[in-house]
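**Student:** Here is a sequence together with a model predicted from it:
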Amino acid sequence: MKLLLVVILSIFILLPVCAEEPVVHLTCKDALAHNNDGVTKLNNTDYAGARVEFDEAIRIDPNYDLAYYNRMIANQGLRDYDGIIRDYEILTQLRDQLQHGTGETAGQTVLSLIPQETIADYYAKRGLAKQKLGDNLSAIESFTQAVRLAPKAAQY
């Protein structure tokens, strides 16, 4: 009788544990899928929806540099200039870590493959954001760096 009672109690105690949903392990493929969904939303000018997708990609893979860059574009569409600057700073840190071979990003990002013109674009977007926020001195510094990296790019 005691054994039966122990078995029944064990079933009721373990039942909630067994009924829980399994832990989902997200991978880089999941981050890529969210990034791609975000790009689709960007192309449809759904900047808020795109930012949600890029946020999720970054949550899954905090070193996913392309998702930060794309979120920077979504933030530009939303006129979230603080967000643009935040993402620019993160991209700069990721690039610096890669160049110095430190941190978890070493060898794990495509930042080393990004052309100087694109890095100049980071600086230009940061400069525009700083200008919109009234920080003209920082904006000039960013634009200067953009021109230094891509002197032939007339848009800067």
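**Tutor:** Nice, thanks for sending it over.
**Student:** Give me the buried positions along stretch 38-49.
**Tutor:** G38, V39, K41, L42, D46, Y47, G49 (16 or more other CB atoms under 10 Å). C-beta: built from backbone N, CA, C; applies to glycine.
**Student:** okay if I get these as TSV plus pLDDT and distance to I58?
**Tutor:** Formatted as TSV, the buried residues of stretch 38-49 follow (pLDDT from 0 to 100; distance: CB to CB, whole Å):
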residue	pLDDT	distance to I58
G38	96	10
V39	95	14
K41	97	15
L42	95	15
D46	97	18
Y47	97	16
G49	97	15
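**Student:** between these, which is nearest G134?
**Tutor:** Of all these, G134 sits closest to Y47, with 22.6 Å by CB to CB.
**Student:** The closest one contacts G77, doesn't it?
**Tutor:** Yes: using CB atoms under 8 Å, Y47 is in contact with G77, at 3.6 Å.
**Student:** Report all helices and strands that the longest helix along the chain contacts.
**Tutor:** Taking DSSP state H as the criterion, the chain has its longest helix at helix 81-100. On a contact count with 3 or more CB pairs under 8 Å, 6 or more residues apart in numbering; DSSP states H and E, helix 81-100 meets helix 65-77, helix 116-132.
**Student:** With only the CA atoms kept, save it in PDB.
**Tutor:** The C-alpha coordinates for helix 81-100 follow below in PDB (Å, rounded to 0.1, in the frame of the first residue of the first chain):
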ATOM      1  CA  TYR A  81      19.200  57.900 -34.200                       C
ATOM      2  CA  ASP A  82      20.200  56.700 -30.800                       C
ATOM      3  CA  GLY A  83      19.700  53.100 -32.100                       C
ATOM      4  CA  ILE A  84      21.900  53.900 -35.200                       C
ATOM      5  CA  ILE A  85      24.700  55.100 -33.000                       C
ATOM      6  CA  ARG A  86      24.400  52.200 -30.600                       C
ATOM      7  CA  ASP A  87      24.600  49.700 -33.500                       C
ATOM      8  CA  TYR A  88      27.500  51.600 -35.000                       C
ATOM      9  CA  GLU A  89      29.400  51.400 -31.700                       C
ATOM     10  CA  ILE A  90      28.800  47.600 -31.400                       C
ATOM     11  CA  LEU A  91      29.900  47.100 -35.000                       C
ATOM     12  CA  THR A  92      33.100  49.100 -34.300                       C
ATOM     13  CA  GLN A  93      33.800  47.000 -31.200                       C
ATOM     14  CA  LEU A  94      33.200  43.800 -33.200                       C
ATOM     15  CA  ARG A  95      35.600  45.000 -35.900                       C
ATOM     16  CA  ASP A  96      38.200  46.000 -33.400                       C
ATOM     17  CA  GLN A  97      38.000  42.700 -31.600                       C
ATOM     18  CA  LEU A  98      38.400  40.900 -34.900                       C
ATOM     19  CA  GLN A  99      41.400  43.000 -36.000                       C
ATOM     20  CA  HIS A 100      43.100  42.400 -32.600                       C
END
